[in-house]
Structures are given as structure tokens and as C-alpha cells.
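Engineer: what's the 3D shape of this:
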Amino acid sequence: MLRVDIDGAVGIVTLDRSDRLNAFTAEGYSALADALCALDTDPAVNAVLIEGAGTAFSSGVDLDALAAGNEEDFGSAFFPLIEVLSTMGTPLLAGVHGVAVGFGATLLLHCDVVVTAEDARIRFPFTALGTAPEAGSSVLLARCVGAQRAAELILTARWLDGREAERIGLAAHAVPADEVRAVARTAAAEIARRPLAALVEAKRLLREGVDVSSAVQRETDAARRLSRQLGGIDRRRAG
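Structural biologist: Have a look, this model is predicted:
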């Protein structure tokens with residue numbers, strides 16, 4: 001489901017369900033939360049990098065597993081993961097290739113530095129699916145790219161590539177796909193050279209004033225209202 005490796009002072013988390021484009025089950029949410037917690041409390045780890053195995057970063061929630069399972073199980077695993085992401089002190093990076101959709105996209109908003117392939121395909125698909133934004137994206141995306149661009153991306157649910165992601169500030173770097181891993185790991189290693197205490201304080205100051213938990217509660221309430229009105233997530237509405 002995922003792998004964790006240590007390279008010097010960098011913890012590398014690899015999402016590893018390549019046969020499902022690294023889509024998340026409830027167990028996957030919990031596994032990622034556990035891995036990030038362990039790395040965040042490891043005094044030898046000064047930076048954490050998330051990558052995807054195979055041909056994608058992550059296609060988001062596994063909609064087949066969601067439809068077949070208990071939605072409450074997903075929620076009980078998802079919300080603790082968002083709490084971990086929004087409170088991590090250790091710098092968090094992502095190396096993105098292929099698709100980053102749904103949670104695969106909103107996860108990037110919790111990262112301090114994103115390196116993406118120029119041809120990566122990123123999407124916030126929530127309106128197309130008949131549901132609400134998630135994971136604090138209703139505030140984090142606007143903070144990242146500005147209110148107008150965030151509204152356009154959320155309301156249209158359109159695709160953007162890695163070049164546009166870099167241009168609008170969703171990514172720090174867009175590079176050829178075969179360079180993503182090397183560039184992301186180099187960026188993580190450069191950050192990890194700095195004293196951990198200084199990194200934690202800098203990240204705290206950069207993130208000061210962002211209330212993710214309140215945004216997640218508003219998003220959850222909106223998703224429940226839409227589920228009652230529209231009957232829940234339906235992939236047939238996407239596109």
C-alpha cells in the first residue's frame with residue numbers, strides 16, 4: 001500500500017498501489033497517517049517526501065472501494081490523516097508524475113514544496129462528482145494560487161498540467177517526467193541539511209493563521225448536504 005525509506009535525513013513515502021493508480025482505501029489513509037506521524041517524530045528526519053509508484057502520483061480515493069464499503073470507515077480514517085498533514089512540523093514535499101486527482105491533488109496543498117512533471121495531469125474534480133471540496137482545499141487552494149484561480153479550478157473541475165501548476169504557484173518546479181524523482185529528492189536533501197528546529201519554526205510561521213480544521217468541518221457539512229440532494233458521488237457525472 002505504501003513504502004517508507006530513509007535516505008540520509010530524508011524520509012521517503014512511496015504510495016504503492018500502482019495497479020489502482022495509487023488510489024486510497026480507508027486502510028491507505030490510515031497507513032499514510034501512521035507513516036507521516038512516525039517520520040514527523042523521528043529526530044533524525046529533517047524532511048519528508050511523498051512519491052507515487054508506477055505511472056501516477058495518486059488518483060485520489062478508490063471510488064470502487066468507497067462504493068463497496070462503509071463510507072464512515074473512510075471518514076474515520078480520512079479526518080485523522082488531514083489532522084496529521086495540517087499539524088506536521090517537519091517540511092513535507094511531493095514529487096508528482098502522471099495523474100494527481102482528488103485527494104491526490106488536495107494532498108499537494110499540504111506540502112511545503114511540490115516538484116511536478118511538466119506533463120502531469122492535476123484535477124480538483126469535486127463539482128463534477130457532485131460533492132464538495134475536501135481536505136481543507138476550500139481555503140488552501142486560494143491561499144496557494146489566489147482566489148480567482150482557485151474558484152476557476154474548483155468550479156470547472158478542469159485538468160491542468162504541471163507547467164500550469166508551476167506558473168500559478170501550485171508547484172515550485174515543473175521538470176521533464178524522467179527528472180521528477182531526482183529533482184524532488186535533491187530538493188528534499190537540500191532542505192534536510194538545515195537544522196530541524198529552524199525548519200520547524202520557519203514552517204510554522206509560513207503556515208500561521210491557516211485554520212484547516214474549520215475548513216474541513218465546513219467541507220464535510222457541505223458534502224453531506226450535497227449527498228442528500230444529489231445522492232452521493234457518481235462518476236457518471238464526471239467529465
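Engineer: Report the secondary structure state of the spatially most central residue of the chain.
Structural biologist: With distances taken as Cα atoms, centre = their mean, L107 lies nearest the centre of the chain, 1.0 Å away. Classification of L107 by DSSP: H, G, I helix; E, B strand; the rest coil places it in helix.
Engineer: any idea how far V180 is from it?
Structural biologist: 16 Å (Cβ to Cβ, to the nearest Å). C-beta coordinates here come from the backbone N, C-alpha and C atoms, glycine included.
Engineer: Could you point out the longest helix of the chain?
Structural biologist: helix 212-230 (DSSP state H).
Engineer: how far is that helix from where the chain is centred?
Structural biologist: 19 Å (Cα atoms, centre = their mean, to the nearest Å).
Engineer: repeat for stretch 24-35
Structural biologist: 13 Å.
Engineer: Next: stretch 113-124.
Structural biologist: For stretch 113-124 - counting by Cα atoms, centre = their mean - the centre lies 11 Å from the chain centre.
Engineer: any idea of the mean pLDDT in that stretch?
Structural biologist: Mean pLDDT, computed over stretch 113-124, is 98.
Engineer: for this structure, what spans make up the helices?
Structural biologist: Going by DSSP H, the chain shows helices at 26-40, 63-68, 71-87, 103-106, 126-129, 137-145, 147-156, 162-168, 180-192, 196-207, 212-230.
Engineer: Return the most buried member of these.
Structural biologist: helix 103-106 (a mean of 26; mean count of other Cβ atoms under 10 Å).
Engineer: List of residues touching it?
Structural biologist: 22, 24, 52, 56-61, 122-124, 133-137, 140-141 (Cβ atoms under 8 Å, 6 or more residues apart in numbering).
Engineer: Helix or strand with the lowest mean pLDDT in this structure?
Structural biologist: helix 63-68 (a mean of 85; mean pLDDT, DSSP states H and E).
Engineer: that older thread, could the helices of the chain be laid out in CSV, adding distance to G11?
Structural biologist: CSV is the format used below for those (distance: least, Cβ to Cβ, whole Å):
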stretch, distance to G11
helix 26-40, 4
helix 63-68, 27
helix 71-87, 14
helix 103-106, 20
helix 126-129, 30
helix 137-145, 22
helix 147-156, 30
helix 162-168, 24
helix 180-192, 9
helix 196-207, 12
helix 212-230, 22
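Engineer: and V114, which of those is closest to it?
Structural biologist: helix 162-168 (7.5 Å; Cβ to Cβ).
Engineer: dump the residue contacts of E219.
Structural biologist: 132-138.
Engineer: now, among those residues, which is nearest to V48?
Structural biologist: A135 (17.2 Å).
Engineer: what about the closest one, neighbour count?
Structural biologist: 25 (other Cβ atoms under 10 Å).
Engineer: what separates it from G104, distance-wise?
Structural biologist: 11 Å.
Engineer: cool, L226 as well?
Structural biologist: From L226 over to G104 (counting by Cβ to Cβ), the distance is 21 Å.
Engineer: A150 too?
Structural biologist: On the measure of Cβ to Cβ, A150 and G104 end up 17 Å apart.
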